[in-house]
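Colleague: Okay, predicted coordinates and the sequence, questions at the end:
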Amino acid sequence: MATTRTEADACALLDADHKAVKKLFKAYDELAHSHARDVAQKKLELAREICRELTAHATIEEEIFYPALRNAMKDTEALAEAEVEHAGAKDLIAQIEALDEVDEMFDAKVKVLSEYIDHHVKEERNQIFPKARAARSLDLIAMREELQGRKEELMNMAEA
C-alpha cells in the first residue's frame, strides 16, 4: 500500500530529524565564531546533543527503515551507500564524544560531521525517500509510529 499522505509518513519524521539537527549544527557554527567566555562549555554541550540526536536517528534508520526498504526495493545501492555514510558519521561521533575539551580539532570534527550529514540528507531526500514512497508494499504511516516510539526509547536511554 503506497503512502500518499507524506506529511505523516516515516520519511517526513526522518526529515524532521534532519531539519532539527541542521539547526543544531547552525547554532554550533554560530558559537564557533563567538568570543564569549563560556563558549567552550556551550559548544561541548551542543556537540553532545548533536551526537545524541544523530545516534538515535541512525539507529532507527538502521533497525527499522533500511531493513524494510531492503525488503521492498529491488535497487538497494542507495541504502548501501547510506549505511557506509552512517559508519563514517558514527566514527566521527565517537571521536567527538571522547573529547573533554574544545579545541581546533574539536571544531573541525563537528564541521566535518555537519558536512557528512548534509550530504547524507541530500541523498536520502533525492533518492531514498522517493523510492520508499513509491514502494507499494511499505506502510510508511505505520512505520512512522514505530520509528517515533523507538526514537523516544533511545533518547530516554541516552538521557538516563
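Modeller: Sure thing, it's come through.
Colleague: which residues of this structure score low on pLDDT?
Modeller: 1-7 (pLDDT under 70).
Colleague: what ranges do the helices span in it?
Modeller: Counting by DSSP state H, the segments of the chain that form helices are 10-32, 39-60, 66-72, 77-98, 104-123, 129-134, 140-159.
Colleague: Give the residue farthest from the middle of this structure.
Modeller: In the chain, counting by CA atoms, centre = their mean, residue 37 sits farthest out from the average C-alpha position, at 30.3 Å.
Colleague: Now do the contacts for it.
Modeller: Taking CB atoms under 8 Å, 6 or more residues apart in numbering as the definition of contact, residue 37 has no neighbours. Every residue, glycine included, has its C-beta placed from N, CA and C.
Colleague: where does it fall, phi/psi-wise?
Modeller: Listed backbone geometry of residue 37 is phi -70, psi -40, with angles given as degrees, to the nearest 10.
Colleague: can you check residue 38 too?
Modeller: Reported as degrees, to the nearest 10, the phi and psi values for residue 38 are phi -100, psi 20.
Colleague: Burial check on it, number of neighbours?
Modeller: By other CB atoms under 10 Å, 8 other residues sit near residue 38.
Colleague: And residue 20, by the same measure?
Modeller: Per other CB under 10 Å, the neighbour tally for residue 20 reads 12.
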